[in-house]
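In: Generate a structure from the sequence data that follows.
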Amino acid sequence: MMKLAGALLLVLGCAGFGWCTCRDMDKHIGQLHLLARAFSMLESEVGYSRSTLPEGLIRVGNRLKGRLGECFVNVGKKAQGPEGITFAAAWEDEITGFLKETCLDKKEEELLLSFPGFTGFADGQMQLLSLEQFGKEIRRAEEKARKETESRRKAVLSVSMAGGLLIAILLI
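Out: Residues are numbered from 1 along each chain as shown. Reported below is the predicted structural model:
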């Protein structure tokens with residue numbers, strides 16, 4: 001009876017591991033979706049409201065909830081502040097801390113850190129086109145993660161359950 005209970009707990013533990021892995025993949029997609037939405041909002045602020053980039057970041061950050069909103073507000077305030085901090089320095093400083101709390105992979109982190117390279121145009125139209133391009137890159141990364149998750153979800157759950165069953169059979 002004890003062996004059976006142990007085997008059942010082992011199978012459930014392995015299934016739980018697979019479920020947690022799938023949950024992390026969903027969290028990854030959710031974070032990319034939030035980033036895509038945030039940059040779409042920023043695009044609107046710069047394009048339609050004719051806000052400067054720091055002003056747009058503050059407005060978007062106030063509408064967003066959570067850590068990303070705080071980062072946007074802090075970057076906007078630092079870039080506007082009297083300290084003379086450049087937008088690129090403020091962005092790198094704030095986003096580096098934010099990235100430590102995410103499930104983003106290295107390519108996505110590098111893309112997010114490269115955002116200041118998409119900015120800094122004196123011409124408003126060029127600035128808007130550049131923001132649109134960055135937004136497309138984020139949406140492309142989200143779509144790629146979504147496709148990978150769809151294809152991997154069944155495999156992860158199946159392998160974790162099968163692995164748990166195999167180990168349970170070997171131990172009984």
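In: what's the single longest helix in this protein?
Out: Ranked by residue count and defined by DSSP state H, the top helix of the chain is helix 124-171.
In: which regions of this structure sit below the pLDDT cut-off?
Out: Judged by pLDDT under 70, the chain has its weakly predicted residues at 120-124.
In: all helices of it, in order?
Out: 2-47, 53-63, 67-80, 87-99, 106-113, 124-171.
In: would TSV of those with mean neighbour count be doable?
Out: Every residue, glycine included, has its C-beta placed from N, CA and C. Below are these laid out as TSV (neighbours: other C-beta atoms under 10 Å):
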stretch	mean neighbour count
helix 2-47	16
helix 53-63	20
helix 67-80	20
helix 87-99	18
helix 106-113	15
helix 124-171	15
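In: what's near enough to touch residue 58?
Out: 72-73, 76-77, 80 (C-beta atoms under 8 Å, 6 or more residues apart in numbering).
In: rerun at 6 Å
Out: 73, 76 (C-beta atoms under 6 Å, 6 or more residues apart in numbering).
In: what's the angle from the longest helix of the chain to helix 53-63?
Out: Relative orientation of helix 124-171 versus helix 53-63 (axes from the mean of the first three to the mean of the last three C-alpha atoms, to 10 degrees): 40 degrees.
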